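> sequence? don't have it. structure:
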Ligand SMILES: Nc1ncnc2c1ncn2[C@@H]1O[C@H](COP(=O)(O)OP(=O)(O)OP(=O)(O)O)[C@@H](O)[C@H]1O
């Protein structure tokens, strides 16, 4: 057995004369949540389609759980669950009927108790016997994930999983994916345009552009847990001195520049900091939270303006 859940080695893809992916390599470990980022047309979907066997590679190889898509296609693909486009669901059936229907078509059909376990895992116990047409988008997404989990994959691949979800739905999906990775040791690959979303959930990210890797980097958990850089703008130099000494007295490392104080803190601390300064009659004009670090890196590397 390979130590990696996924091993992409020197993969290239040409379509006609066009080179779409060039010498792409990366690995994902069991239990790891891996983010796949890049501007439109970078080649994310093409890579994912190669990983799930929908299109062939021009050169290189992809191993899933140590098994090569080239030489043991069936063995490799049996370990992948994916939602690449919108999950195919029968809207006139209940959630459970959908799962049973897909289970029947699966090569490694799960038994009833396994299906129950998956329903619990995606937290759909309450609504599993309702018709899918009455489901919210988030519920449909979770049913799609349940469907992708039916054959017990060790790797789950999600293309733009939070598309169209509201913030509560995004949060729920995030908590749930974390649990899957932690409890089941599943490797999860998420492709997304939403940097903040990726930053919150992923252990590591790869950024690709024009079919090549431009960066791969771990995301520190402190960042994901809400560490931010904050700029506090005050009225004048006198206020600046006063605010900086108050903050230092409270144990914050901060530096000052003209009428702005900059400090690193946890997002949750910001209201308390503002309250403290206002309580001490500091003339506070504005509070800015800096763009997160992943976004800064992404913009620097891809030169792409994000909306
Ligand atoms: N069948 C095809 N024939 C020709 N070119 C293609 C084909 N499929 C994809 N491409 C091109 O390959 C490049 C990568 O496309 P891909 O869909 O993988 O990008 P992406 O990173 O997923 O972008 P998006 O986020 O917009 O989906 C694009 O320039 C696209 O036009």
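That came through fine. Small disclaimer: the values here were computed from a predicted structure and weren't measured.
> Pull up the pairing partners for the helix or strand hosting residue 188, direction included.
In this assignment (DSSP states H and E), residue 188 forms part of strand 187-191. With DSSP bridges as the test, strand 187-191 is paired with strand 33-37 (parallel), strand 155-159 (parallel).
> what about stretch 147-162, start to end distance?
17 Å (Cα to Cα, to the nearest Å).
> hang on, the earlier thing: and among the strands paired with strand 187-191, the most buried is which?
strand 33-37 (a mean of 25; mean count of other Cβ atoms under 10 Å). C-betas here are computed from N, CA, C, even on glycine.
> Tell me the first helix or strand C-terminal of that strand.
helix 44-51.
> all strands in the stretch 201-307 of the chain, in order from the N-terminus.
204-209, 212-218, 227-234, 254-257, 260-266, 284-289 (DSSP state E, counting those that start in this stretch).
> Counting by contacts, list what the longest one packs against.
Using 3 or more Cβ pairs under 8 Å, 6 or more residues apart in numbering; DSSP states H and E as the contact criterion, the secondary-structure elements in contact with strand 227-234 are helix 237-249, strand 260-266, helix 270-279, strand 284-289.
> what do you get if the cut-off is 10 Å, keeping everything else the same?
Based on contacts counted as 3 or more Cβ pairs under 10 Å, 6 or more residues apart in numbering; DSSP states H and E, the elements that strand 227-234 packs against are helix 237-249, strand 254-257, strand 260-266, helix 270-279, strand 284-289, helix 293-302.
> State the mean pLDDT of that strand.
Average pLDDT, strand 227-234: 87.
> ditto for the shortest one
Across strand 254-257, the average pLDDT comes to 88.
> And that strand, what does it pack against?
Using 3+ Cβ pairs under 10 Å, 6+ apart: strand 254-257 touches strand 227-234, helix 237-249, strand 260-266.
> that older thread, as CSV, the helices and strands packed on strand 227-234 with distance to the ligand would be great.
Output for these, formatted as CSV (distance: least, Cβ to the nearest ligand atom, whole Å):
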stretch, distance to the ligand
helix 237-249, 42
strand 254-257, 38
strand 260-266, 32
helix 270-279, 33
strand 284-289, 27
helix 293-302, 11
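> so who does residue 60 touch?
8-13, 21-25, 50, 69-70 (Cβ atoms under 10 Å, 6 or more residues apart in numbering).
> Could you check how far it is from the ligand?
16 Å (Cβ to the nearest ligand atom, to the nearest Å).
> give me the number of residues near the spatially closest residue to that residue that is not a sequence neighbour?
The shortest distance from residue 60 to any non-neighbouring residue, by Cβ to Cβ, 6 or more residues apart in numbering, is to residue 11 (3.5 Å). Per other Cβ atoms under 10 Å, the neighbour tally for residue 11 reads 23.
> Where does residue 11 sit, in terms of helix or strand?
Going by DSSP H and E, residue 11 is in strand 6-15.
> what lines up beside that strand in the sheet?
strand 18-28 (antiparallel), strand 59-64 (antiparallel).
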